[in-house]
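In: Sequence first, then the predicted structure, then my questions.
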Amino acid sequence: MAEHHELMGGKLHVYRRENSSNWQCSAYIAGKNWRVSTKDDSLSHAKDFAEDWYLGLRGKARNGELKVGKTFSHAAEQFIKEFNVITFGERSPKYVQLQEDRIHGHLMSFFGNKVVTEITPGLVQEYRLHRMTKPKKIEEREKREAEEAKEKRANGEEVKVRKPWTPPARSTLHQEIIALRHVLRTAERHGWLPFLPDISAPYKASGKISHRAWFSPKEYQTLYEATGKRAANPPHKKWRWQCEQLHDFVLFMVNTGLRPDEARNLQFRDVEIVDGPTKNKKILEISVRGKRGTGYCKSMNGAVEPFRRLQRRMRPALVLAAEAELTGAAPETLIPPSGRLPQPTDRLFPNDHRELLNKILGELSLKTDREGQVRTAYSLRHTYICLRLMEGADIYQIAKNCRTSVEMIEKFYASHIKDMIDAAAVNVMKKKPKKETTEKRTNVRGPQRTANAKGARKGRSGGHPKSRQ
């Protein structure tokens, strides 16, 4: 049972919990319960601390300095409740869960007990420093593990090295500040916060614009030649279907510019072969369902043949069963062991080609680009945009076909494409006046001498007009 003592006529309480050696104190002031730990196990010292703390609270309450209102934890729970309901069907469940994880994993431990009116730009800056500084507990743990590892090595034992602590990336910290802003906006909407403080990062210079990882024309040729060889000669017969699918996936993506999630959702009924802008060339007309809802895409001619191969390729029974389990559809009972041809409701790419694509990129040394950025399936979409820009396609039409904005293309793609710079427009030279040769300068007379010479010739020919009269 906890020990309990009353002070200040019962307005101040000093108590100690059963599982703690330190004394706590609590008081009810300005319509709110206030609690704090004395961090002392001596009762007499705890009472002195509690009285000073209580009188300090009374003074702050009299001067209006006592922060009273809803706490950050209350506003955060309200935001999570609203966010889950309001964004249902508009935001992916994974994104909603990530916001909740950021709040409970990092923000709540720092801001949880703070009243929302106490969260100032200075406090947010302290949070940034807190996140970028290695915690003392981790420093002590690393020292302890280093000593243990040294002893194990001396005894010849195997040592498992833990990954060292690293500060969060700039983008990670930026996402946490976005989650903080969401909570503060919720508090502002409910009247718990009079205005939203400026929590933007100070001392911030213009961010370095880095282009998206893509494949240059030579690198793209190397990639599709490698996937084509693997499709023709797979390492094992049972992998033939996956290798052939990957080869068509690479060609299809670079000739359509779809996002990987859009390609995964694509069904055969969403694609139609139509006449292209030029004679004797077909293209694909695609109904896209993905990040931006439903949109449309018109492919290059190079996507037609991979799509036809996908239509002709038999679907293995194991792939059909796995797809039915993933989508929740009833499994087909009359599937022959060899499989069947794809149906209109089947997906073009039911499997995730990440592992096989990464293996091929590793073999070709193409996993990272010149700046060290990792290439993924998304890089195939970036390759489509860059190749279209290099061929001189209209940037607005590219943005419309890729369901993005011109601003995004100009910022992340057009900025590093050398063909976007018109050399004729840049290398303009002002015409310089022609310099006269030495021979012309010796024969040319000044304007006065020329006029005198003309008069002299006129006098020799007939004299002055009046003299002839």
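Out: All right, it came through fine. Since we're looking at a predicted model, the values are computed, not measured.
In: what does the model give residue 334 for pLDDT?
Out: pLDDT for residue 334: 57.
In: Hmm, I typed the wrong one, I wanted residue 202.
Out: pLDDT at residue 202 comes out at 84.
In: how close does it get to residue 178?
Out: Distance check for residue 202 against residue 178: by C-beta to C-beta, to the nearest Å, it reads 17 Å. Any C-beta I mention is one placed from the backbone N, CA and C, and that applies to glycine too.
In: got it, and residue 308?
Out: From residue 308 across to residue 178, the span is 45 Å (C-beta to C-beta).
In: contacting residues around stretch 42-55?
Out: The contact list for stretch 42-55 (C-beta atoms under 8 Å, 6 or more residues apart in numbering) reads 5, 7-8, 11-12, 14, 22-23, 25, 27, 36, 38, 40.
In: quick one: which of these sit in strands?
Out: Judged by DSSP state E, the contacts of stretch 42-55 include 5, 7, 12, 14, 25, 27, 36 as members of strands.
In: before we move on, the earlier item: check the contacts of stretch 42-55 against residue 132 and report the nearest one.
Out: Distance to residue 132 across the contacts of stretch 42-55 (C-beta to C-beta) is lowest for residue 36, with 28.3 Å.
In: now that closest one, which residues is it bridged with?
Out: Assessed by DSSP bridges, residue 36 has beta-bridge partners residue 25.
In: I'd assumed residue 25 was in contact with it.
Out: Yes: with contact defined as C-beta atoms under 8 Å, residue 36 counts as touching residue 25 (6.0 Å).
In: The two: who's more crowded?
Out: The neighbour comparison of residue 36 against residue 25 (other C-beta atoms under 10 Å) goes to residue 25, with 22 against 14.
In: I'd guessed residue 413 sits against residue 382; true?
Out: Yes: in this structure, residue 413 is within contact of residue 382 by C-beta under 8 Å, at 7.0 Å.
In: and for these two, which residues touch both?
Out: With contacts defined as C-beta under 8 Å, 6+ apart, the residues shared by residue 413 and residue 382 are residue 212.
In: So if I had to pick from the two, which one is more boxed in?
Out: residue 413 (23 against 20).
In: what sits against that one?
Out: Applying C-beta under 8 Å, 6+ apart to residue 413 gives the contacts 211-212, 382, 385-386, 389.
In: 6 Å - rerun?
Out: Neighbouring residues of residue 413 by C-beta atoms under 6 Å, 6 or more residues apart in numbering: 385-386.
In: Please tell me how far it sits from residue 97.
Out: 31 Å.
In: Around the nearest residue in space to residue 21 that is not next to it in sequence, count how many other residues there are.
Out: Ranked by C-beta to C-beta, 6 or more residues apart in numbering and with sequence neighbours excluded, the top spatial neighbour of residue 21 is residue 41, at 4.6 Å. For residue 41, the neighbour count with other C-beta under 10 Å is 12.
In: Let me know the pLDDT of residue 41.
Out: Predicted confidence (pLDDT) for residue 41: 90.
In: Okay, it and residue 22: tell me how far apart.
Out: 6 Å.
In: what are the pairing partners of the top strand by length along the chain, and which direction each?
Out: Ranked by residue count under DSSP E, the longest strand found in the chain is strand 282-290. Here strand 282-290 is paired, per DSSP bridges, with strand 271-275 (antiparallel), strand 293-298 (antiparallel).
In: I'd like these written out as a markdown table, with mean neighbour count added.
Out: What follows is the strands paired with strand 282-290, written out as a markdown table (neighbours: other C-beta atoms under 10 Å):
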| stretch | mean neighbour count |
| --- | --- |
| strand 271-275 | 14 |
| strand 293-298 | 14 |
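In: Nearest to residue 344 among these would be which one?
Out: The nearest among those, by C-beta to C-beta, is strand 271-275 at 9.8 Å.
In: what angle do the helix or strand that contains residue 307 and strand 282-290 make?
Out: According to DSSP states H and E, residue 307 maps onto helix 304-312. If you take axes from the mean of the first three to the mean of the last three C-alpha atoms, to 10 degrees, helix 304-312 sits at 70 degrees to strand 282-290.
In: Give me the buried positions along helix 304-312.
Out: 304, 306-307, 309-310 (16 or more other C-beta atoms under 10 Å).
In: Using PDB, list the CA coordinates for it.
Out: Listed next in PDB are the C-alpha coordinates belonging to helix 304-312 (Å, rounded to 0.1, in the frame of the first residue of the first chain):
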ATOM      1  CA  VAL A 304       2.500  -4.200 -78.000                       C
ATOM      2  CA  GLU A 305       4.600  -7.400 -78.600                       C
ATOM      3  CA  PRO A 306       5.300  -8.000 -74.900                       C
ATOM      4  CA  PHE A 307       1.600  -7.700 -74.200                       C
ATOM      5  CA  ARG A 308       0.800 -10.200 -77.000                       C
ATOM      6  CA  ARG A 309       3.300 -12.600 -75.500                       C
ATOM      7  CA  LEU A 310       1.600 -12.200 -72.100                       C
ATOM      8  CA  GLN A 311      -1.700 -13.100 -73.800                       C
ATOM      9  CA  ARG A 312      -0.300 -16.200 -75.400                       C
END
